[in-house]
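K.L.:
The following block contains a protein sequence and its predicted model.
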Amino acid sequence: MSPSAAIVGIGETPYVRRSGQSPTEMVVAAVETALAECGLTSADVDGIATEGTMMPVAVPQEVVAGTLGIDSYWSGSSSFGGAGIAGAIQAASNAITLGQASVVISYFGIDWGRSPGAAYGAMEASASPADLIELPHGFYGQPTHFAAIARRYASEHGVDLDDLLGPIAVQHRRNAIANGAAQRMEPLSLEDYLALDPISEPLRVPDCCILTDGAAAIVMTAADRAEDLPTSPAHIRGAAVRGSRVGLDDFFSQNPDYLSLPPARAAVTEALSSAGASLDDVDVAELYDCFTISVVMQLESIGWCRPGTAIDLVAGGAGIAVDGQLPLNTHGGLLSHSYLLGMSHVVECVRQVRGTAAHQVADVNLGLVGLLSASHYGAVALATEPTS
Amino acid sequence: MTGSIRDDAALGLLAGFFAGTEVGELRIPRCEACQRWHWYPKHRCPWCGDAGWSWHPAGSRAHLYTWARPRRAFHPDLSGREGEVVALVTVDEAPGVRLVTNLRDIDHPEIGMALEVGFDDVGGRCLPVFRPIPSPTEGDPVRSSDRSSAREKAPTSEVASDE
């Protein structure tokens, strides 16, 4: 058997609007939980991989290493935001299979609640035309960026947005309530949704991700070593990151195929190909639901639905429920569970593959995590078995 | 808007755009080698890699690609401007270019509608804004809007008459 890697430990802090803790404190707690779960200690860790843009500023690897006494470690990172979380797993998996590291931790921790948007500061530190020709017009803030996408989608495809987006928001809330540890667990009916005023027309607040203080961490090691640990491994069968030529500066206005995310299809295809699997083999999907409309874009870009037809899958919520055709964001996602840019999607996917999720899909063999960051996309395929 | 260091750096690439807006002309980068337009300005033509692009007038007409209406100020600079129509428009003479702008003089924009540029102080900078172009046979945008909703209803009445 060729060497491969697995996720063997997971750890999370509570997900709250305001924790009163620093991101580093929360990350350290999540890493300790993840290590303890799989019977390892920080003395076993010889690698750290993180998202490559926000974490180096908010929770630098060396600060975590210094706090936990991790020395002489392999260090890796890749891409930014959600795609970077998938990229960190890809980098760690590669390092483990190449023998460069044996036990790698990865984490994401943030205090959006205390300082919304502050972590984006690092990403916005370079000169951007958006400051000069977008912000003055009010084309600023992702609710407005995605509102414009949603309106174009409705026009091109002749779809009523209330019918399309409402059920997505409502189903994510149902999943969050069933998860039990989600940040937003107040019931949300379609009637409640429809009664809300827009935040940026045509989107309402439940169409938008929440803001979270919290951290999540995972521990990865070689598949053969995973056999000796107390947890069930989630084997990393594929991991990929792809980017497009439009960057963070111009993505929201200049994405050539405005309703589509070509890197999403490329990254998912690559990850599933590594796993020897196709879209039909995916038992559960944890996708980057920063907005309800971005779920639609991913379902159609990745290929589960043809352009303009996602409404057939999401109508009423049944198709994306745990017992539906495509169980989606079973923990409640960025919309209702936590806004950790996908690290809690990874943790949830590990639980689904282990069969230990609070809101468990039956008979999961293969789970897919798909994480968006504007022009980049990252995908990770996790499975119960190390090979197909 | 203050002249921060990063604003100044971004302004370098956009200088030709603002030179145009100051004299009431919409200018977009076009490559001298391959003749294609690009947006936003880059240090090379993103289509062919040539460094020899320059600013060209791109006419005054556009069509509405999409729009949003923020009901909150997502940035301190935008306080008090909630409810404005924020739009992406495609520039007729510069295929592939979408401009971020505001629509003026219209409450119920329709995607695909024809627009004409004007130049205004927007948040402290001279920037393009767009207004509906009344159809040649129609007097004003309000009537034009009424007419188009009548058109939308037409297929229904055709179905009714078939029955």
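P.N.:
Structure's in. What do you need?
K.L.:
list the contacts for the closest residue to chain A within chain B?
P.N.:
Residue nearest to chain A within chain B (CB to the nearest CB): residue B:74, separated by 2.8 Å. The C-beta positions use only the backbone N, C-alpha and C, and glycine is treated the same way. Going by CB atoms under 8 Å, 6 or more residues apart in numbering or on different chains, residue B:74 touches A:140, A:141, A:143, A:144, A:200.
K.L.:
what does the model give it for pLDDT?
P.N.:
For residue B:74, the pLDDT comes out at 93.
K.L.:
Likewise for the one 5 residues further on?
P.N.:
Predicted confidence (pLDDT) at residue B:79: the value is 94.
K.L.:
So the nearest residue to it once chain neighbours are set aside: helix, strand or coil?
P.N.:
Ranked by CB to CB, 6 or more residues apart in numbering or on different chains and with sequence neighbours excluded, the top spatial neighbour of residue B:79 is residue B:73, at 4.4 Å. Here residue B:73 is recorded as coil under DSSP: H, G, I helix; E, B strand; the rest coil.
K.L.:
and the residue nearest to residue A:179 when sequence neighbours are not counted, what does it touch?
P.N.:
In space, and not counting its chain neighbours, residue A:179 is closest to residue A:331: 4.6 Å by CB to CB, 6+ apart. Residue A:331 sits next to A:175, A:176, A:179, A:182, A:286, A:337, A:344, A:345, A:348, A:357, A:358, A:359 when contact means CB under 8 Å, 6+ apart.
K.L.:
The residues you listed in helices, which ones?
P.N.:
A:175, A:176, A:179, A:344, A:345, A:348 (DSSP state H).
K.L.:
so who does residue A:31 touch?
P.N.:
A:11, A:42, A:64, A:68, A:105, A:107, A:217 are the contacts of residue A:31 under CB under 8 Å, 6+ apart.
K.L.:
Count the neighbours of residue 68 for me.
P.N.:
All of this refers to chain A. 19 (other CB atoms under 10 Å in any protein chain shown).
K.L.:
I was after chain B.
P.N.:
28.
K.L.:
do residue A:41 as well
P.N.:
Using other CB under 10 Å, residue A:41 has 12 other residues around it.
K.L.:
Now it: closest residue in space that isn't a chain neighbour?
P.N.:
Leaving aside its chain neighbours, residue A:41 sits nearest to residue A:35 (5.9 Å; criterion: CB to CB, 6+ apart).
K.L.:
Flag every buried residue along the host helix or strand of the one you found.
P.N.:
Using DSSP states H and E, residue A:35 maps to helix A:23-37. Judged by neighbour count using 16 or more other CB atoms under 10 Å in any protein chain shown, the buried positions of helix A:23-37 are A:23-35, A:37.
K.L.:
and the residue nearest to residue A:179, what helix or strand is that in?
P.N.:
Applying DSSP H and E, one finds residue A:331 in no helix or strand.
K.L.:
Now the residue in the stretch 201-350 of chain A positioned nearest to chain B: closest residue in space that isn't a chain neighbour?
P.N.:
The nearest approach of the stretch 201-350 of chain A to chain B comes at residue A:201, 4.0 Å away (CB to the nearest CB). Spatially, and ignoring its direct neighbours in sequence, residue A:201 is nearest to residue B:69 (4.0 Å; CB to CB, 6+ apart).
K.L.:
what are the phi and psi angles of that neighbour?
P.N.:
Main-chain torsions, residue B:69, degrees, to the nearest 10: phi -130, psi 100.
K.L.:
Enumerate the residues of chain A near chain B.
P.N.:
A:125-129, A:131-141, A:143-144, A:147-149, A:151-152, A:155, A:197-203, A:245, A:249-250, A:253-254, A:256, A:258 (CB under 8 Å from any CB of the partner chain).
K.L.:
residue contacts, the nearest residue to residue B:59 once chain neighbours are set aside?
P.N.:
Among residues not flanking residue B:59 along the chain, residue B:93 sits closest, at 3.9 Å (CB to CB, 6+ apart). Contact analysis of residue B:93 by CB under 8 Å, 6+ apart lists B:58, B:59, B:61.
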